[in-house]
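# Here is the input, now give the coordinates:
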Amino acid sequence: MQSFAFGHFCPSIVVECGQPDVPDGTTHALEFMETCLNLDSFDSLPDSLISDIDLFHTVAIVKVPEEINFSFDDSPNDDITFPAEMDCLNFCELSIGTNFGKAKTDRAYLSALGEDGAEKSDCYFKIENGEIKLKIAAMPSMLTLDTNIIRQDCLCYLMERIHSFALN
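Here you go, the predicted model:
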């Protein structure tokens with residue numbers, strides 16, 4: 001959310017470094033930032049390098065509402081059961097219709113708050129045959145299996161690809 005806030009008055013990005021215990025991600029992010037900071041302009045970049053850039057922007061914060069019971073192990077009292085290895089979907093582009101979990105009760109739903117803070121769950125999720133499915137192609141980021149983090153913060157962020165952009 002900081003990049004969104006700063007983006008109103010200066011260029012801003014989020015660089016994902018990967019898991020905290022894997023130093024390669026941090027090293028790669030540092031090298032990327034040093035390269036960006038030392039560029040005179042993007043005009044000098046070869047087209048092949050520019051075509052390798054994948055840009056995404058965050059469109060929603062996905063939360064599990066307080067009144068909804070959930071787990072990753074199919075507990076009998078769950079309203080929602082998420083896949084046990086759901087974190088494998090982290091930073092993967094998911095197609096429309098990807099299963100995000102099982103809705104086991106009529107009250108099961110995920111909250112999706114847009115950049116403006118408005119509830120937009122209907123834009124991103126649908127429940128079909130007891131499964132919570134994506135209505136758009138999206139990439140989850142910061143997806144966690146930690147129930148404490150999910151309750152205190154969120155399940156994940158949803159990002160959409162920016163298909164065309166200008167570097168100048």
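# Can you find the helix or strand of this protein with the lowest average pLDDT?
helix 47-50 (a mean of 68; mean pLDDT, DSSP states H and E).
# Starting from it, tell me the next helix or strand along the chain.
Heading C-terminal from helix 47-50, the first helix or strand you meet, by DSSP states H and E, is strand 56-63.
# What is that following strand packed up against?
Under the contact definition 3 or more CB pairs under 8 Å, 6 or more residues apart in numbering; DSSP states H and E, strand 56-63 sits against strand 111-114, helix 121-124, strand 139-141, strand 156-161. (Glycine included, C-beta is placed from N, CA and C.)
# Excluding its own residues, what touches that strand? List them.
Outside strand 56-63, the residues that touch it by CB atoms under 8 Å, 6 or more residues apart in numbering are 1, 3-4, 14, 110-115, 120, 123-124, 138-141, 150, 154-162.
# mean confidence score for it?
Strand 56-63 comes out with an average pLDDT of 93.
# in it, what counts as buried?
Going by neighbour count (16 or more other CB atoms under 10 Å), the buried part of strand 56-63 is 56, 58, 59, 60, 61, 62, 63.
# Low-confidence regions, the chain specifically.
Flagging of the chain using pLDDT under 70 yields the residue ranges 1, 4, 18-20, 46, 48-52, 164-168.
# all strands of it, in order?
Counting by DSSP state E, the segments of the chain that form strands are 56-63, 70-71, 80-81, 99-103, 111-114, 125-128, 131-134, 139-141, 156-161.
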